[in-house]
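Undergrad: Below: sequence and its predicted model.
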Amino acid sequence: MHSDTLPDHPDTAARPVVKRTARAILIDGDRLVLIKRTKPGIAPYWLTPGGGVEEEDAGILAALHREIDEELGGKVVDPVPAFVDTTEHLADDGSHGVKVQFFFVCRLESMDLARRHGPEIEQPCGEYEVVRVPFSRLGLASVDIVPLTLRHYLDANIEGVLGLLGPDLR
């Protein structure tokens, strides 16, 4: 057995990954940049900028940079892997498996909302409002961040997340 494979056991069998996303835990000074999503008939929720990894993306980091450009007209620096969330998912083609969301902590280098483009901007389903909240326990508690696992991770690890941006990790 190779070191990168798991024994064929029901508890260790890999579920098919049917969707991957790249998302930014985006720090701007002492604030966290989020997108407030408002859809008809659903309570508002807040999520980190980012989205699906597309076939044309060279990889997950390339998708992160593309998504930041599309959703914020922005650029990020110092992306560091921080958190992974895996959930059951039904893909657009009907296949069942998991969605893996890769969260990178990074700093906002620039943002020009007039440069936003892409499907969320050109054919929106509801509203996409860019907001900043204090990157503190009180700030995080003031918004309904999804997924819930990310909200819990951030609340428990503010200092550690900021530490990932330290000079000794570059």
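TA: Nice, thanks for sending it over. Numbering: from 1, shown residues only.
Undergrad: how about low-confidence regions in this protein?
TA: Along the chain, the model assigns pLDDT under 70 to residues 1-13, 170.
Undergrad: which residues of it fall in helices?
TA: For the chain, applying DSSP state H gives helices covering 60-72, 119-122, 137-141, 148-156, 158-163.
Undergrad: Packed most tightly, which of the ones you listed would that be?
TA: helix 60-72 (a mean of 21; mean count of other C-beta atoms under 10 Å). In this view, the C-beta of every residue, glycine as well, is placed from N, C-alpha and C.
Undergrad: what's the neighbour count on the nearest residue to Arg15 once chain neighbours are set aside?
TA: Spatial nearest neighbour of Arg15, excluding adjacent residues (C-beta to C-beta, 6 or more residues apart in numbering): Val98 at 4.9 Å. Val98 has 16 neighbouring residues, counting by other C-beta atoms under 10 Å.
Undergrad: Please list all residues in contact with Val98.
TA: Counting by C-beta atoms under 8 Å, 6 or more residues apart in numbering, Val98 makes contact with Arg15, Pro16, Val17, Val18, Lys19, Thr86, Thr87, Glu88, His89.
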